[in-house]
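Undergrad: Just need the structure, nothing else, for what follows:
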Amino acid sequence: MRAEVAMIPEEKLGLVILSNLHGNVLPVALMYKIFDIYLNAPQRDWSTDMLKVRNTLEEQAKTAEKKAESERVQGTSPSLALDKYAGTFQSDMYGEAKVALENDKLVLRFGPNFTGDLQHWHYDTFRVVWRDPMQGKGFVNFRLNTQAKVETINIENLSEFTRVPEPAKTMTSAKE
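TA: Now for the predicted structure:
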């Protein structure tokens, strides 16, 4: 979902454009078109301009992906067994993220809408392929502490999450 909120206070004008399609530039083009009409500004084809911007960004993304592929270190393995990467992680700003081992593969869940499959990239870096294709791909870096345990994860372009300690195991009495 996307909400475009724009205001021109001097004109006492504000608008909100809601869209349920992530990754499109129509709300921005529509916003500028409405402002142009309201202000009697010269007509401009904002849709074409925004499409050019989107196409440029897509090309930049493809170039960045090719660069990442060329810099990937081949032939590496994760430092730990996959189950050792699983756990709950916390960010003050973004809340909880969980990494789970499912069918011998790692899965990352973050918030209500982000579920991604983790594919080993190199060393302790995994590529996350979000199950919603509109969310694309990214990287998750696991940082180990001196005891070779995962201490934090960094979800590319989002935040670093710190591992939540597992609850202490209590000993049960023989009577139970």
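Undergrad: How about the most centrally placed residue in the chain: what's its closest non-neighbour residue?
TA: The geometric centre of the chain, computed from its C-alpha atoms, lies nearest to residue 158 (C-alpha atoms, centre = their mean), at 5.9 Å. Spatially, and ignoring its direct neighbours in sequence, residue 158 is nearest to residue 94 (6.6 Å; C-beta to C-beta, 6 or more residues apart in numbering). Heads up, the C-betas are built off the backbone N, CA and C, glycines and all.
Undergrad: show me what contacts that neighbour?
TA: 110, 111, 158, 159, 161 (C-beta atoms under 8 Å, 6 or more residues apart in numbering).
Undergrad: Closest to residue 25 out of those residues?
TA: residue 158 (22.0 Å; C-beta to C-beta).
Undergrad: State the distance from the closest one to residue 57.
TA: 18 Å (C-beta to C-beta, to the nearest Å).
Undergrad: Across the sheet, point out what pairs with the closest residue to residue 159 other than its chain neighbours.
TA: Closest residue to residue 159 apart from its sequence neighbours, by C-beta to C-beta, 6+ apart: residue 91 at 4.6 Å. With DSSP bridges as the criterion, residue 91 is bridged to residue 95.
Undergrad: Distance check, residue 91 against residue 112.
TA: In terms of C-beta to C-beta, residue 91 sits 16 Å off from residue 112.
Undergrad: which one of those two has more residues nearby?
TA: Just comparing residue 91 and residue 112: by other C-beta atoms under 10 Å the higher neighbour count belongs to residue 91, 17 against 6.
Undergrad: I figured that one was touching residue 163, is that so?
TA: No - judged on C-beta atoms under 8 Å, residue 91 makes no contact with residue 163 at a distance of 11.3 Å.
Undergrad: before we move on, back to that, including pLDDT, could the contacts of residue 94 go into JSON lines?
TA: Shown next, in JSON lines, are these (pLDDT from 0 to 100):
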{"residue": "110", "pLDDT": "91"}
{"residue": "111", "pLDDT": "86"}
{"residue": "158", "pLDDT": "88"}
{"residue": "159", "pLDDT": "92"}
{"residue": "161", "pLDDT": "97"}
